[in-house]
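> I would like the atomic coordinates for the input below:
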Amino acid sequence: MELQRDITLSIKHQKTLRVFPYFFIPALNNFYFLKTDQGFLKPKLETWKHEGYVKFISKEIEVVIEYDFTSWVGVCFKKTNDPWRIYLDDLFEKLDIPFNENVLKIQETKDIEIIEAQIDFALQHAGRVIKDHWGEISAYIRNINTNM
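Predicted coordinates:
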């Protein structure tokens with residue numbers, strides 16, 4: 001699946017969502033493997049204030065990709081119906097998966113093309129590492145005791 005730059009939504013969703021295509025397009029393109037390869041549901045898209053938010057849900061795990069338009073791209077994981085969550089950099093540290101967390105920090109600029117390129121790069125990198133280590137990641141999340 002590859003979304004086009006001129007992504008459009010239904011009239012209903014255009015009225016309720018302020019979509020930042022430069023976030024949603026790379027988020028969906030780089031994490032769509034969760035739906036196609038791992039059995040997650042079609043992602044739900046939400047926005048509020050200046051944030052972008054995409055959530056992939058499976059029977060056991062939720063993966064949330066967020067964009068806080070001032071400085072970072074966040075990726076977190078949690079068990080479905082459990083408030084506990086773990087962010088990507090902490091998860092990778094626990095699993096000893098090499099990852100440069102600075103990739104997720106977005107430099108502030110008014111140039112949308114630069115922001116778009118940074119977000120795309122961050123989500124490509126994060127999505128690729130998650131895809132390569134999905135077995136370890138999903139096993140860890142399923143087996144972690146959140147009642148600690």
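
> so what's the most centrally placed residue in the chain bridging to?
Centroid-nearest residue in the chain: residue 65, 2.3 Å away (criterion: CA atoms, centre = their mean). Judged by DSSP bridges, the bridge partners of residue 65 are residue 54, residue 75.

> I figured it hits residue 77, correct?
No: counting by CB atoms under 8 Å, residue 65 does not reach residue 77; the two are 10.6 Å apart. In this view, the C-beta of every residue, glycine as well, is placed from N, C-alpha and C.

> in the chain, which spans are helices?
For the chain, the helices defined by DSSP state H cover 11-16, 21-31, 33-38, 88-95, 112-132, 134-143.

> Identify, out of those, the most deeply packed stretch.
helix 21-31 (a mean of 22; mean count of other CB atoms under 10 Å).

> Quick one: work out the angle between that one and helix 112-132.
20 degrees (axes from the mean of the first three to the mean of the last three CA atoms, to 10 degrees).

> and helix 21-31, what other elements does it pack with?
strand 51-57, strand 61-68, helix 112-132 (3 or more CB pairs under 8 Å, 6 or more residues apart in numbering; DSSP states H and E).

> residue contacts, residue 60?
Residues in contact with residue 60 (CB atoms under 8 Å, 6 or more residues apart in numbering) are 79, 80, 138, 141, 142.

> mind redoing it with 6 Å?
Neighbouring residues of residue 60 by CB atoms under 6 Å, 6 or more residues apart in numbering: 80, 142.

> Let me know the distance separating it from residue 88.
18 Å (CB to CB, to the nearest Å).

> got the CA positions of stretch 65-75 in PDB?
Extracted in PDB, the C-alpha atoms of stretch 65-75 (Å, rounded to 0.1, in the frame of the first residue of the first chain):
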ATOM      1  CA  ILE A  65       2.100   6.600  16.400                       C
ATOM      2  CA  GLU A  66       1.800  10.300  17.400                       C
ATOM      3  CA  TYR A  67       3.200  13.600  16.100                       C
ATOM      4  CA  ASP A  68       3.500  16.500  18.500                       C
ATOM      5  CA  PHE A  69       4.000  19.200  16.000                       C
ATOM      6  CA  THR A  70       6.500  21.000  18.100                       C
ATOM      7  CA  SER A  71       9.300  18.500  18.500                       C
ATOM      8  CA  TRP A  72       8.800  14.700  18.200                       C
ATOM      9  CA  VAL A  73       7.300  11.600  16.700                       C
ATOM     10  CA  GLY A  74       6.300   9.100  19.400                       C
ATOM     11  CA  VAL A  75       5.600   5.400  18.900                       C
END
